[in-house]
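>>> what's the 3D shape of this:
(chains A and B)
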Protein chains: 2
Amino acid sequence: MKIESVDFFYLSMPVVTDAGDGSQDALVVRLRAGGIEAWGECEASPLTSIASFVCPMSHGACRPVGASVLGEDVSTPADIARIAATIQWNSMDLLQAAHTWSGVEIALWDLLGKKRGEPVYKLLGYQRAYPKTPYASQLFGDTAQQTLEFCRAAREAGYRAVKCGWGPFGRGSVKNDADHLVSAREGIGPEGILLIDAGQIWGEDVAAAEARLPILEQVRATWLEEPFNGSAYEAYGALAKRPSSVKLAGGEAAHNIHMARHTIDIGKVGYIQIDCGRIGGIGPAKQVADYAVGKGVTYVNHTFTSHLALCASIQPFAGLPDHRICEYPVKPQPMAWEMCKTHIAPDANGDVRVPEEPGLGMEIDRAAMKKYLVDAEITVGGKILYRTPSLD
Amino acid sequence: MKIESVDFFYLSMPVVTDAGDGSQDALVVRLRAGGIEAWGECEASPLTSIASFVCPMSHGACRPVGASVLGEDVSTPADIARIAATIQWNSMDLLQAAHTWSGVEIALWDLLGKKRGEPVYKLLGYQRAYPKTPYASQLFGDTAQQTLEFCRAAREAGYRAVKCGWGPFGRGSVKNDADHLVSAREGIGPEGILLIDAGQIWGEDVAAAEARLPILEQVRATWLEEPFNGSAYEAYGALAKRPSSVKLAGGEAAHNIHMARHTIDIGKVGYIQIDCGRIGGIGPAKQVADYAVGKGVTYVNHTFTSHLALCASIQPFAGLPDHRICEYPVKPQPMAWEMCKTHIAPDANGDVRVPEEPGLGMEIDRAAMKKYLVDAEITVGGKILYRTPSLD
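Numbering: from 1, shown residues only, chains lettered A, B, ... in the order given. Next comes the predicted model:
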């Protein structure tokens, strides 16, 4: 199948705030080949990613992403890997390329699956998709009391695992963090899986993170996520050396498999968190999952946007029964929820599974997308390089 | 001084080819504050970088670069570092941000230098600027005979150091590479400093690189540059373990100081090559230079564009007398040459020095820039976010 078109749709809530909520806008990719329409999504700045797809070439190693994609022939997973390698080479000096390509790569897996009548996880070599335990991914409250209420609400909504992150955590005293952590444990109950996300708050300051370990152990947190800058592997490794029941989690910033491997090998995380919409799509994410299995590290998806992105992000570890926890956006903005007709809802046990339909198995809601579609236009040298395409 | 405006100028040759020649286009930054006009340059895809400066916010950790810059107060180097830290936080999920910010950061140093009447290297803490030995940075010929001629020409032009890179090197047999290497040595003469750039050709294949070590030693190459992907630190480290007179060089892809440190600590390079237009500007580059000194590694600039970029890239190691080799674009495209009135020309000894004038000491040629200025416009939701500004 020859890739005939790749169209980017920039969706956004009417008002975007500075909250740490990644579901306020989205960059959706529609790819057409061989009479099939396939979909993907970048976890990235929409306008910047569109620009990197259509920009004029700067030189041989700084070509637009589109130049390596349009017109290419795709029949097998190996073809997807071949295009990925071409982009790595041709867009070596185009930093945004990995984020942009991610959404296109996801759409290519959707395409192959639809063509073959198989779900993506089977194309990845898995025999079946196992249930995942979704964790409610939410922000800390402004006060410990609010954190308690948020966590209690998540428990009452049926979540057996809850992640609290960002907000005031790490910004004030150890005592203040302790108050929030104790409240979080109280809110989710003694049996709940408690996950804590520091959102890179300590930069490279290992001592600051260490100071929180005793209380994290006391409240039986399963992991401490992103204590440091995403590339500060040595800081991760230094903290991981401390004997502790709390494992480290990280990797969402990885925009290539090297970064993910370094997070595992040098950072010594217990959980590697990969966003398919950033790392270059489903193919490299599956490579990280394989690598994690070999190293005894647990793979977890990173997802804070739509169910299309969620579905893509679960595929790489869908067939790993012991890699059980799954990030699940609890309260996505209406835009991120409505853009898909299909949703990955928890079953009676509270577990989620990827669809068994061909490809990603996600049906897009064009009418809903139109409500949130942002008109954009990019002109260079009098030539229109991008104009929001029609959804019809 | 309050940052009043940051304007991006996208310059380009009329025709851009897929040659590995980074001087075919440029993204120049003009910054105005306190009645002073300052200049910087990004080594990056112009359109993509402009988009990342003006794009709408996606969420709190994916804000446009411009939002953290405009209106900020800058009086000291610490202010520049403060804005850099803000961008690292506010644009954590905007991949292109480092490349975009780099040009702005360079302009901020130019601003501070002009305000204080001092060259940038003095603001960095150096007492004086030492001469550097420029190496002619050029491509391998298509044939070994052509490589011989290119190298002979560089020698005759007065260069004591020559770097050959890319082209056919590493793409064919070891024998073919050997022919080129022997020709290169013959061309530059027995006394010349010979540098070889593999341009990431071997990905992570250590054995392929190892197979070239004997001939590299035989022709007395000083360094082998970028044998592997810029993030494949382990491959670098494995090759560096081999006892050899040939040191490894790398680091140009570093878009933060972590990557540069990993290239040194894990990759065990002998030469760390930093592009100020990518790593986040002059400040982080100076931190890498300090780190390299402590580790016994030699700092080298990476520059393949204009003399404005060259001048910026030399500042971080201007005061290090023993870090002597300096990348020097031999045949930049007319656009890259003409955009500056000031040029960093070799003296009678063939050495180059940064100007002693305040700031970067580089005078821009507006009339020349106008010849190459590319008209671009970006509109989102009916609002013009970018339109090529006036150079007047």
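>>> right, and residue A:8 touches residue A:50 too?
Yes - using Cβ atoms under 8 Å, residue A:8 is in contact with residue A:50, at 5.0 Å. For the C-beta atoms, the positions are set from N, CA and C on the backbone; glycine is no exception.
>>> and for the two, which residues touch both?
A:27, A:386 (Cβ atoms under 8 Å, 6 or more residues apart in numbering or on different chains).
>>> Neighbour count: these two, which is higher?
residue A:50 (30 against 23; other Cβ atoms under 10 Å in any protein chain shown).
>>> ok, which stretches of chain A are strands?
Under the criterion DSSP state E, chain A contains strands at A:3-12, A:25-33, A:36-42, A:133-139, A:161-165, A:193-197, A:221-225, A:247-250, A:271-274, A:298-301, A:325-329, A:376-380, A:383-387.
>>> show me what contacts residue A:117?
Contacts of residue A:117 (Cβ under 8 Å, 6+ apart): residue A:358.
>>> Show the pLDDT at it.
You'll see residue A:117 listed with a pLDDT of 98.
>>> phi, psi of it?
Backbone torsions of residue A:117, given as degrees, to the nearest 10, read phi 70, psi 30.
>>> The closest residue to chain B within the stretch 251-392 of chain A: what's its closest spatial neighbour, skipping adjacent residues?
Residue nearest to chain B within the stretch 251-392 of chain A: residue A:258 (3.6 Å; Cβ to the nearest Cβ). The shortest distance from residue A:258 to any non-neighbouring residue, by Cβ to Cβ, 6 or more residues apart in numbering or on different chains, is to residue B:231 (3.6 Å).
>>> next one: residue A:287
Nearest to residue A:287 is residue A:257, by Cβ to Cβ, 6+ apart, at 5.4 Å.
>>> So which residues on the stretch 51-200 of chain A come close to chain B?
A:51-52, A:54-64, A:88-89, A:92-96, A:98-99, A:199-200 (Cβ under 8 Å from any Cβ of the partner chain).
>>> Can you name the residues that contact the residue nearest to residue A:258?
A:256, A:258, A:259, A:262, B:253, B:259.
>>> mind listing the helices in the stretch 1-150 of chain A by residue range?
A:46-54, A:77-90, A:97-116, A:120-123, A:144-156 (DSSP state H, counting those that start in this stretch).
>>> mind checking the end-to-end distance for stretch A:294-304?
27 Å (Cα to Cα, to the nearest Å).
>>> okay, the helices of the stretch 1-150 of chain A in a markdown table with distance to residue B:311 next?
As requested, the helices of the stretch 1-150 of chain A are exported to a markdown table (distance: least, Cβ to Cβ, whole Å):
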| stretch | distance to residue B:311 |
| --- | --- |
| helix A:46-54 | 28 |
| helix A:77-90 | 30 |
| helix A:97-116 | 28 |
| helix A:120-123 | 50 |
| helix A:144-156 | 52 |
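>>> Near residue A:351, how many other residues are there?
15.
>>> now the contacts of residue B:231 as TSV including pLDDT, neighbour count and distance to residue B:272?
What follows is the contacts of residue B:231, written out as TSV (pLDDT from 0 to 100; neighbours: other Cβ atoms under 10 Å in any protein chain shown; distance: Cβ to Cβ, whole Å):
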residue	pLDDT	neighbour count	distance to residue B:272
A:256	97	19	20
A:258	97	20	18
A:259	97	23	19
A:262	97	24	18
B:253	95	21	12
B:259	97	23	10
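>>> and the residues you listed, which two are the farthest apart?
Across those, the longest distance by Cβ to Cβ is 14.4 Å; it joins A:262 and B:253.
>>> how far is stretch A:56-76 from where the chain is centred?
24 Å (Cα atoms, centre = their mean, to the nearest Å).
>>> And the average pLDDT for it is what?
97.
>>> Show me what counts as buried in it.
A:56-69, A:72, A:74 (16 or more other Cβ atoms under 10 Å in any protein chain shown).
>>> try stretch A:128-135
Neighbour-count burial for stretch A:128-135 [16+ other Cβ under 10 Å]: A:129, A:130, A:131, A:132, A:133, A:134, A:135.
>>> tell me which parts of the stretch 201-350 of chain A are close to chain B?
So the stretch 201-350 of chain A meets chain B at A:229-234, A:253, A:255-256, A:258-259, A:262, A:265-266, A:278 (Cβ under 8 Å from any Cβ).
>>> how close does residue A:68 get to chain B?
Remark: distance between residue A:68 and chain B (Cβ to the nearest Cβ, to the nearest Å) = 12 Å.
>>> you'd agree that residue is up against residue A:91?
Yes - Residue A:68 is in contact with residue A:91 according to Cβ under 8 Å; the separation is 6.9 Å.
>>> Can you get me the start-to-end distance on stretch A:207-220?
Start-to-end span of stretch A:207-220 (Cα to Cα) is 20 Å.
>>> what does that stretch rub up against?
A:170, A:174, A:177-178, A:181-182, A:184-185, A:194, A:196, A:198, A:202, A:224, A:227-228, A:235, A:239, A:242, A:244-246.
>>> if you set the cut-off to 7 Å instead, what comes out?
By Cβ atoms under 7 Å, 6 or more residues apart in numbering or on different chains, the surrounding residues in contact with stretch A:207-220 are A:174, A:177-178, A:181-182, A:184-185, A:194, A:196, A:202, A:224, A:227, A:239, A:242, A:244-246.
>>> Out of those residues, list just those in helices.
A:174, A:177, A:178, A:181, A:182, A:184, A:185, A:239 (DSSP state H).
>>> with those in mind, which one is nearest to chain B?
residue A:239 (15.7 Å).
>>> Give me the pLDDT for residue A:20.
85.
>>> can you check residue A:137 too?
You'll see residue A:137 listed with a pLDDT of 87.
>>> burial measure for it, as a count.
24.
>>> List the beta-bridge partners for the residue nearest to it when sequence neighbours are not counted.
Excluding the flanking residues, the one nearest residue A:137 by Cβ to Cβ, 6+ apart is residue A:163, at 4.9 Å. Applying DSSP bridges to residue A:163 gives these bridge partners: residue A:137, residue A:195.
>>> Residue A:163 against residue A:193, yeah?
No - Residue A:163 is beyond contact range of residue A:193, at 8.9 Å (criterion: Cβ atoms under 7 Å).
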